[in-house]
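1. build me a model:
(chains A, B, C and D)
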Protein chains: 2
Amino acid sequence: MPSYKYARPAVTVDNIIFTIQEERLKILLINRGIEPFKSSLALPGGFVRVDESLADAAKRELTEETSLSDFHIKMFGMFDDINRDPRDRVITIGFYAIIPSHDIDIAAGSDAENVDWYDFNDIPALAFDHNSIVTAAFNALKQDLENSSIAALFLDDEFTLAEFQNVYEIILTKKVDKRNFRKSILADNLLIKTDNMKSGGQHRPAALYKIASGENEKSAVDNNNFPSLNVKKTNNDSTDELYQKGYNKGLEKGYVSGFKNALSKTNKALSRLKPDIGS
Amino acid sequence: MPSYKYARPAVTVDNIIFTIQEERLKILLINRGIEPFKSSLALPGGFVRVDESLADAAKRELTEETSLSDFHIKMFGMFDDINRDPRDRVITIGFYAIIPSHDIDIAAGSDAENVDWYDFNDIPALAFDHNSIVTAAFNALKQDLENSSIAALFLDDEFTLAEFQNVYEIILTKKVDKRNFRKSILADNLLIKTDNMKSGGQHRPAALYKIASGENEKSAVDNNNFPSLNVKKTNNDSTDELYQKGYNKGLEKGYVSGFKNALSKTNKALSRLKPDIGS
DNA sequence: CCAAAAGTGTTTTTCGTACACCCATGG
DNA sequence: CCATGGGTGTACGAAAAACACTTTTGG
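-> Take a look at the predicted model:
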């Protein structure tokens, strides 16, 4: 029973697990079995152990909750209101994860009684301050969508540009001009064309693309903090290039505008969002 | 002597206090009096109490260290390496503060033996991982500089555009085209012209500007999390405008690119950074 | 041969950038 | 009257945005 000279806040992680299912953005929620907020929906999460980093804690919880492994996670914020948990002083750090559609059944099936997917546009009142956390996660997701190739994480390893564009349109709830989108995406060199085609519909087959992994392709799978996903290059000088630990760890290969938006070409990214007036 | 069922990490805050002195960006460092890293330089900071938020803890420490009050602070990152403190598992949250030049003497004078200003471009090896934290703080500062009017916090309440521009040039270490800078700044409506002029030099007097506080002007002084500093408006829709708690609290009135950035007009901001070739 | 999605270029507009001269003051 | 910084507008080029038709397949 560890004791300390001064009281300490508890530290937890909460995970927002995004996926796309039936053309809708969804997140995983659990039905709380205990008070407080018993039988409310809540984000999966748990306490951080003293021998693990925050990201490791998030991944451990994710594996417990979904029985998947090899997550791509991203720290996006922290929540520290004194009274956010009525039982104790709890500081929580938010991570979001992206699960490709083909893993949905595995993820939600692990503990079907208590775990299910919910449409992002129809989230009920959640336990604690979890609605705020969900909102923050979504804002981070949208921003990262503009500045990296994370949209590919919703898809199979190889995907068509139409599928890729569809991820943007679903998450940003905007139609995009196809020609400008393709021009912009390909100019960023975040994707590379494979030799494979996707046939199937009664229409012309589409070329399959994959994310242009920075160094080697394996690292895209092994590392769980989005590091090998390409981040848009920017004209950084000197200090910008220093390794920035901590919060931005997940995007360490580029500048995180992110939160701001770092100084990446945000306007360029926005060009994809304009509705397709033509045709 | 509080005790818990499971061991808990300690939670601390560390403050990077920026100011401009003699045309140089400086930060406040303390000389550690105790092991580990005894007599190394380090960031001011301390433990978070269970009855205070992270921001309150940062402000409390700031007041203790500088004997100033009413700080503008911004949470910019967290640092959670398991071994970052050899004594214990310590998670720290970084805040930066900006102090106007006219408060420098007060700030550093409170505990002159151990506290002093150091040129940002000449920071020695610091205790713990504090060099990483300083780098992250600087990146956040640069980014916020592009997306809000925080540059004004280095100055008096009213200031000339030349002084304002000078803040950018010092922090970004780049010369800026005067005409483009003024055009860009004024187009953002982050500043408003006062009726006052600054005379003095043997040249034409300069118009004084102040930050265009969002609602009322007092809140710019009262609130310590940069909330009333104007943040560049962006074309957000629906969900973007939801209140985003937690990490981005300091900029809640706008979109935080920032970190991440958000989707503000970063390119526009960058235009100010181009050297002034002319004249 | 027809429906349905894949794929592809050009024009227009907007925005970033370079650039030079007159103004008001103090000494 | 002159040295010093304050203050202003325009023209050019690059990038974003609008926009429509041909191609390839399956049924």
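
2. part of a helix, is A:Leu28?
-> No: per DSSP: H, G, I helix; E, B strand; the rest coil, A:Leu28 lies outside any helix segment and is strand.

3. run a quick neighbour tally on it.
-> Using other Cβ atoms under 10 Å in any protein chain shown, A:Leu28 has 23 other residues around it. C-beta coordinates here come from the backbone N, C-alpha and C atoms, glycine included.

4. wait, what's in contact with it?
-> A:15, A:17, A:19, A:44, A:65-66, A:107-108, A:115-118 (Cβ atoms under 8 Å, 6 or more residues apart in numbering or on different chains).

5. that one pairs with what?
-> Listed by DSSP bridges, the beta-bridge partners for A:Leu28 are A:Trp117.

6. per-residue pLDDT, it?
-> Predicted confidence (pLDDT) for A:Leu28: 96.

7. next, count neighbours for A:Asn180.
-> Number of residues near A:Asn180 (other Cβ under 10 Å) recorded here: 14.

8. now the strands for chain A?
-> A:10-21, A:24-31, A:41-42, A:45-47, A:73-79, A:90-98, A:115-119, A:159-160, A:191-198, A:206-211, A:258-261 (DSSP state E).

9. which among the ones you listed is found nearest to B:Asp129?
-> Judged by Cβ to Cβ, the one of those that comes nearest to B:Asp129 is strand A:73-79, at 16.5 Å.

10. could you tell me the angle between that closest one and strand B:73-79?
-> For strand A:73-79 against strand B:73-79, the angle by axes from the mean of the first three to the mean of the last three Cα atoms, to 10 degrees is 140 degrees.

11. low-confidence ranges in the stretch 1-150 of chain A?
-> The model of the stretch 1-150 of chain A has pLDDT under 70 over residues A:106-113.

12. so which bits of it are right by DNA strand C?
-> Within the stretch 1-150 of chain A, not a single residue sits near DNA strand C (Cβ under 7 Å from any atom of the strand).

13. can you name the residue of the stretch 1-150 of chain A nearest DNA strand D?
-> Residue nearest to DNA strand D within the stretch 1-150 of chain A (Cβ to the nearest atom of the strand): A:Glu146, separated by 11.3 Å.

14. quick one: neighbours of that residue, just the number.
-> Residues near A:Glu146, counting by other Cβ under 10 Å, number 27.

15. next one: it from A:Phe18, what distance?
-> According to Cβ to Cβ, to the nearest Å, A:Glu146 and A:Phe18 sit 16 Å apart.

16. same question for A:Tyr209.
-> Applying Cβ to Cβ, the value for A:Tyr209 to A:Phe18 is 21 Å.

17. just the strands of chain A: most buried one?
-> Highest mean neighbour count among the strands of chain A (mean count of other Cβ atoms under 10 Å in any protein chain shown): strand A:258-261, with a mean of 30.

18. got the angle between the top helix by length along chain A and strand A:115-119?
-> Using DSSP state H, we find that the single longest helix of chain A is helix A:130-147. Counting by the same axes, to 10 degrees, helix A:130-147 lies at 70 degrees to strand A:115-119.

19. what packs against helix A:130-147?
-> Counting contacts by 3 or more Cβ pairs under 8 Å, 6 or more residues apart in numbering or on different chains; DSSP states H and E, helix A:130-147 packs against strand A:10-21, strand A:73-79, strand A:90-98, helix A:161-172, strand A:258-261, helix A:266-270, strand B:258-261.
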